[in-house]
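Participant: Fold the following for me, if possible:
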Amino acid sequence: MNDTSLKLDRIDIAILNQLQQNARITNAELARAVNLSPTPCFNRVKALEKMGLIKQQVTLLNAEALGLRINVFIQVSLEKQVEDALRRFEAAIDKRPEVMECYLMTGDADYLLRVVVPSMQSLERFILEQLTKIPGVSNIRSSFALKQVRYRTALPLPAGGLTLSVAEEEGE
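Facilitator: You can find the predicted model right below:
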């Protein structure tokens, strides 16, 4: 590695893991959990934020309890996979709150969406009034999730530490 690498030791990893489990943890609780005093712990968290490793803190809601019972994966194919069509599709999808995730894919479909809605009627409206109206959409295939077997938001981090080059951090 060169001088532009980021080194995360086991304490940094422990801090990140604690924050992934509970973003509302107080600095004092976090410091105790990772065996640091509060000031160095606070400084490390700020440094991790500055490095861009902490993207945001959120509250995860219970979709079922909120009446959002339909979880569907939708494969979307475009007529042509050209830059304008991709940009137009992504801009339209970005405006839809029911689209929880959207991935540009390899393979048979161009995009894979995860959509959460309260009912079949809501899904039908989304597909007919939104998805099919996006210019360039040629094929839509849906698969319904019957049961969520596993859902994680915490990334798997190596306990002993990690060295990232700046190029890796930027996704290059």
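
Participant: Please count neighbours and contacts with C-alpha atoms only from this point.
Facilitator: Fine.

Participant: can you give me the helices in this structure?
Facilitator: Ranges of helices in the chain, per DSSP state H, are 10-21, 27-33, 38-50, 83-94, 120-125, 166-169.

Participant: Pull the residues that contact the second one.
Facilitator: The set of residues external to helix 27-33 that reach it, using CA atoms under 8 Å, 6 or more residues apart in numbering, is 15, 18, 37, 38, 41, 42.

Participant: Show me what counts as buried in it.
Facilitator: Using 16 or more other CA atoms under 10 Å as the test for burial, helix 27-33 gives 30, 31.

Participant: Let me know the distance separating residue 49 from residue 79.
Facilitator: 41 Å (CA to CA, to the nearest Å).

Participant: Save the contacts of helix 27-33 as TSV, and put in pLDDT, neighbour count and distance to residue 60 too.
Facilitator: Converted to TSV, these look like this (pLDDT from 0 to 100; neighbours: other CA atoms under 10 Å; distance: CA to CA, whole Å):
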residue	pLDDT	neighbour count	distance to residue 60
15	97	18	20
18	97	18	16
37	97	13	29
38	97	16	27
41	98	21	25
42	97	17	24
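
Participant: I'd like those laid out as a markdown table, including distance to residue 65.
Facilitator: Formatted as a markdown table, these follow (distance: CA to CA, whole Å):
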| residue | distance to residue 65 |
| --- | --- |
| 15 | 31 |
| 18 | 26 |
| 37 | 39 |
| 38 | 37 |
| 41 | 36 |
| 42 | 35 |
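
Participant: Of those residues, just say which sits nearest to residue 67.
Facilitator: residue 18 (29.9 Å; CA to CA).

Participant: Residue 16 versus the closest residue to that closest one other than its chain neighbours, what's the distance?
Facilitator: Spatial nearest neighbour of residue 18, chain neighbours left out: residue 30 (7.1 Å); criterion: CA to CA, 6 or more residues apart in numbering. Going from residue 30 to residue 16 by CA to CA gives 10 Å.

Participant: before we move on, back to that, adding distance to residue 133 as columns, could you present the helices of the chain in CSV?
Facilitator: Shown next, in CSV, are the helices of the chain (distance: least, CA to CA, whole Å):
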stretch, distance to residue 133
helix 10-21, 38
helix 27-33, 48
helix 38-50, 40
helix 83-94, 10
helix 120-125, 11
helix 166-169, 37
